[in-house]
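Enquirer: Prediction below, plus the sequence it came from.
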Amino acid sequence: MSVHVKALQFAYGPPLFDGLSCSFSSGRVTGILGENGCGKSTLLKMIAGIERPQAGMICWGSESMAGWSPEQRARLMGYLGQGMRSAWAMPVRDVVALGLREVQETNLNEAMKATDCAHLAERKVTELSAGELQRVMLARTLVGDPALILADEPTTGLDPRHQQQVFTLLQNRARAGATVLVVLHDLNAAQTWCDDVVILSRPETDAAHVVAQGQASDVLTPERIHAVFGVVSVGF
């Protein structure tokens, strides 16, 4: 099913969202783009239920998610936030298993293999490099085969091979029917791997708004990239 964001209002101080609306289709990878401070991560947290909008609605299909319990959200979605770490010196296998409602050895092994961290299964997460930990957290996000995947800069700290691996995994999940939302700063990655994009912008004195949304090939034009990001694009 699709995610529909309807007239969101939210403020930490100055308004961040004041009537923000957008939609994310199932079976597609949608990139959420925009400059720093425009609300990309906050929007993802609201969809995940970590932050609560002060007004407006977020729907899974036609159903509002406002009253959902943590258990309902856990059954539906996998969330990979920025800089996620484990506070305890747990083995990698146990951290990945946190993404499951019940221990299923096959799911664990497949998720760790897909994210190239199976060889780390017995290592403590506190002993891992930043890139290794990112792959472990991605495995935890994907292990329960969620219908909704929310990933905030999922390739941070990864080398080019593992970046490609992550995007391939997310794309494959979308092709299998999942709704995949990815916060990105890399415009080339968005053009290469995203089916759709939503571009947010936040003028200094105003709330964030959607500049454009639609198929990546239609939205990521040189003119729009220059207007939003202030850079001259190459290869678009």
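Expert: Nice, thanks for sending it over.

Enquirer: chain center to stretch 17-37, what's the gap?
Expert: Computed by CA atoms, centre = their mean, to the nearest Å, the chain-centroid distance of stretch 17-37 equals 10 Å.

Enquirer: Would you agree residue 21 is in contact with residue 209?
Expert: No: with contacts counted by CB atoms under 8 Å, residue 21 stays clear of residue 209, the gap being 9.4 Å. Where C-beta positions appear, they are placed from N, C-alpha and C, glycine not excepted.

Enquirer: who has more neighbours, those two?
Expert: Between residue 21 and residue 209, counted using other CB atoms under 10 Å, the more crowded position is residue 209 (18 against 15).

Enquirer: strand partners of the helix or strand hosting that one, parallel vs antiparallel please.
Expert: Mapping residue 209 onto the secondary structure by DSSP states H and E places it in strand 209-215. Its sheet considered, strand 209-215 pairs with strand 196-201 (antiparallel) by DSSP bridges.

Enquirer: Give me the average confidence score over the strand it pairs with.
Expert: Model confidence over strand 196-201 averages 97 on the pLDDT scale.

Enquirer: who's in contact with it?
Expert: With CB atoms under 8 Å, 6 or more residues apart in numbering as the test, strand 196-201 has contacts from 22, 24-25, 28-35, 38-40, 43, 190, 208-216, 219-220, 224, 228.

Enquirer: Kindly report the same for stretch 120-130.
Expert: 85-86, 88-93, 95, 112, 132-133, 136, 156-157.

Enquirer: Of those residues, keep whichever come out buried.
Expert: Burial of the contacts of stretch 120-130 was assessed by neighbour count (16 or more other CB atoms under 10 Å); the buried members are 86, 92, 93, 95, 112, 132, 133, 136.

Enquirer: if I look at the residue nearest to the first one when sequence neighbours are not counted, how far off is residue 96?
Expert: In space, not counting the residues next to it along the chain, residue 86 is nearest to residue 125; the distance is 4.5 Å by CB to CB, 6 or more residues apart in numbering. Shown here: residue 125 relative to residue 96, a distance of 10 Å by CB to CB, to the nearest Å.

Enquirer: low pLDDT regions in this protein?
Expert: Applying pLDDT under 70 to the chain flags the ranges 87, 101, 103, 205, 233-236.

Enquirer: Helices of that one, start to end?
Expert: Listed in chain order, the helices of the chain (DSSP state H) span 40-48, 70-76, 92-97, 105-114, 130-142, 160-175, 187-193, 216-219, 222-229.

Enquirer: could I get the ones you listed as JSON lines with distance to residue 201?
Expert: Compiled in JSON lines, those are given as follows (distance: least, CB to CB, whole Å):
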{"stretch": "helix 40-48", "distance to residue 201": "11"}
{"stretch": "helix 70-76", "distance to residue 201": "29"}
{"stretch": "helix 92-97", "distance to residue 201": "36"}
{"stretch": "helix 105-114", "distance to residue 201": "35"}
{"stretch": "helix 130-142", "distance to residue 201": "28"}
{"stretch": "helix 160-175", "distance to residue 201": "24"}
{"stretch": "helix 187-193", "distance to residue 201": "14"}
{"stretch": "helix 216-219", "distance to residue 201": "13"}
{"stretch": "helix 222-229", "distance to residue 201": "6"}
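
Enquirer: mind checking which of those is nearest residue 9?
Expert: Ranking the helices of the chain by their distance to residue 9 (criterion: CB to CB) puts helix 40-48 first, at 10.8 Å.
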